[in-house]
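S.K.: Sequence first, predicted coordinates after that:
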Amino acid sequence: MSSILPTTISGSLPKPAWLADRQQLWAPWALEGEDLAEAKRDAVRVVLRDQETAGIDIVTDGEQTRQHFVTTFIEGLAGVDFENRATVKIRQRYDASVPRVVGEVSRPRPVYVDDARFLVSESQRPVKYQLPGPMTMADTLADEFYGDREQLAMAFADILNAEAKELAAAGVSVIQFDEPAFNVYMNDVKAWGMRALDRAAAGVGCKTAVHICYGYGIEANIKWKETLGSEWRQYEETFPVIAASTIDQISLEAANSRVPVELLGLLRGKDVMVGVIDVATEAIETPEEIVATIQRALDYVPLENLIPSTNCGLVPLSRDVARAKLRALGAGAALARTELGS
Ligand code: ZN
C-alpha cells in the first residue's frame, strides 16, 4: 500500500465477452448455472490482476459478478418482482428496465457476502466492495407498495446495514455506497437522503465511502451534462451535509469536469477520492495530466486525505482502454508521489 496517494477505482470494469455481451451496458450473462459461477470467478481473477499490475492499491471486483450496480442487489431481496419488470425514467433522465417493489422489502439471505469472501481470498491488497446507496435504490425501481421514497429508502438502509456489517466481517476494508442520485435530488439529500445513508453505514466494522458522480460516459449523461451550465455546483449543496455525516470517504468527479475545484474544500476532515480519470473519453490520461489534477485538488484537500481514483465506473469502455486507464492512474499517482518527495 502506497504511503501517500493510495489509488483506487470508483468500481466497475468492462466484462470479458465470455461472461457477458460487452456491447450492452447491462447485458445478460453468456452462461448459466455452475459454468456462470466459474466464469464470474475467473473474471474477478482477471480484473484483480489488471488492477494489481497497474499499481492500484485498493482493489475491487470490477462488478464482474453483477449485471447492474443497483438492480442486481434489489433482485436479492424479498418483496420484489424482478421477472415482470417495469420501465421507468431514472435520475430524471433515462429509461431503464427495473424491478417492481410489490411488498415489504427484506433480505432473506446475504446478497454479496460469498462473492466478497472470494474476492478477499484472491487479493493480496485491501479490498473495496460497492453497494448501492438507499436513495439511488429507491430511484431505480418501480414502487407499487410503499408510495413514499423516504420510507422505502429507510427500509433499504436497514437491509444495507445488515449486508455491510457482514461484508466487513468477511474481510472487506472499505464499503462504498454508490449514490449518483445525490447529484439529482439535492433537496431530498438534505431532507432524508443523508440520514438514510448514515443509517446504512452505522456501526459497520470498516471504512465507509460514498460515490457521487455525473454518471457513465453514455449519451443520456453526456446530454444531461450539457444542460448543467458552465459550472457544476451540485456538490456545493450536498457536501456540507456529507461532511457532517459518519461517512469516511467521498468519491467525486474532478477530471475534465466542470466541478469548481474549491468545492472539495467543503469536505474538510474526510478522505476524498478525487476522480483523475475521465470515463467519458477513450483518450488515455498522461501521468502529467493526472499530477496536474492531483495538484489542483491539493489546494483544498490535505495530502494525507487524497485518494486518486476514477470519475466513475469504466464499464462502458473497451477492456483495452479500461486497462490503459488503470495503468495511467497507477503511473500518474506514482509520478505525483515522486514529485511530492515521498
Ligand atoms: Zn459513478
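M.R.: That came in fine, so what should we check first?
S.K.: in the protein, which spans are helices?
M.R.: 33-54, 71-75, 113-122, 134-138, 149-169, 186-188, 194-201, 219-226, 234-243, 287-298, 319-339 (DSSP state H).
S.K.: By mean pLDDT, show me the worst of the ones you listed.
M.R.: If you rank the helices of the chain by mean pLDDT, helix 219-226 sits at the bottom with a mean of 86.
S.K.: Alpha carbons of that one, as CSV, please.
M.R.: Output in CSV follows, covering the C-alpha atoms of helix 219-226 (Å, rounded to 0.1, in the frame of the first residue of the first chain):
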residue,chain,number,x,y,z
GLU,A,219,-25.2,9.5,-24.4
ALA,A,220,-28.0,10.3,-21.9
ASN,A,221,-25.5,11.5,-19.4
ILE,A,222,-23.4,13.5,-21.8
LYS,A,223,-26.6,15.3,-23.0
TRP,A,224,-27.6,15.9,-19.3
LYS,A,225,-24.2,17.4,-18.5
GLU,A,226,-24.6,19.9,-21.4
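S.K.: How about the residues of the stretch 101-250 of the chain by the ion?
M.R.: residue 213 (CB under 5 Å from the ion). No exception for glycine: its C-beta is placed from N, CA and C like everyone else's.
S.K.: go with 8 Å
M.R.: Residues of the stretch 101-250 of the chain that fall close to the ion, judged by CB under 8 Å from the ion: 178, 180, 211, 212, 213, 214, 215, 216.
S.K.: tell me the two of those that are most distant?
M.R.: Farthest-apart pair in those is 212 and 216; separation 13.9 Å (CB to CB).
S.K.: which one of these two has more residues nearby?
M.R.: A side-by-side neighbour count of residue 212 and residue 216, using other CB atoms under 10 Å, places residue 212 first with 25 against 22.
S.K.: show me what contacts that one?
M.R.: Counting by CB atoms under 8 Å, 6 or more residues apart in numbering, residue 212 makes contact with 179, 180, 182, 183, 235, 238, 250, 251, 252.
S.K.: top of those by neighbour count?
M.R.: Most surrounded of the contacts of residue 212: other CB under 10 Å gives residue 179, at 30 neighbours.
S.K.: Tell me who's in contact with that residue.
M.R.: Applying CB under 8 Å, 6+ apart, we find residue 179 in contact with 132, 133, 135, 136, 193, 197, 210, 211, 212.
S.K.: neighbours of whatever residue of the stretch 151-300 of the chain ends up closest to the ion, just the number please.
M.R.: Nearest residue of the stretch 151-300 of the chain to the ion: residue 213, at 3.2 Å (CB to the ion). The number of residues packed near residue 213 is 23, by other CB under 10 Å.
S.K.: and what of residue 103?
M.R.: The number of residues packed near residue 103 is 12, by other CB under 10 Å.
S.K.: Isn't the residue of the stretch 151-300 of the chain closest to the ion up against residue 251?
M.R.: Yes: look at residue 213 against residue 251 with CB atoms under 8 Å: they come within range, at 7.4 Å.
S.K.: hey, what's in contact with both of the two?
M.R.: In contact with both residue 213 and residue 251: 10, 275, using CB under 8 Å, 6+ apart.
S.K.: burial count for residue 262?
M.R.: 11.
S.K.: my bad, residue 162
M.R.: Applying other CB under 10 Å, we find 14 residues neighbouring residue 162.
S.K.: Now do the same contact list for it.
M.R.: Residue 162 makes contacts with residue 107, as judged by CB under 8 Å, 6+ apart.
S.K.: cool, residue 263 as well?
M.R.: Contacts of residue 263 (CB under 8 Å, 6+ apart): 233, 235, 236, 239, 300.
S.K.: and if you look at residue 337?
M.R.: 2, 4, 5.
S.K.: which of the residues you listed are buried?
M.R.: Buried subset of the contacts of residue 337 (neighbour count, 16 or more other CB atoms under 10 Å): 2, 5.
S.K.: Could you point out the member of the contacts of residue 337 that lies closest to residue 46?
M.R.: residue 2 (23.0 Å).
S.K.: before we move on, the earlier item: which of the residues of the stretch 101-250 of the chain next to the ion fall in strands?
M.R.: Judged by DSSP state E, the subset of these located in strands is 178, 211.
S.K.: Let me have the residues of the stretch 101-250 of the chain next to the ion in a markdown table, adding pLDDT as columns.
M.R.: As requested, these are exported to a markdown table (pLDDT from 0 to 100):
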| residue | pLDDT |
| --- | --- |
| 178 | 97 |
| 180 | 94 |
| 211 | 98 |
| 212 | 96 |
| 213 | 91 |
| 214 | 88 |
| 215 | 83 |
| 216 | 81 |
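S.K.: Could you measure from residue 300 over to residue 252?
M.R.: Distance of residue 300 to residue 252, computed by CB to CB, to the nearest Å: 11 Å.
S.K.: if I look at the two, which residues touch both of them?
M.R.: residue 264.
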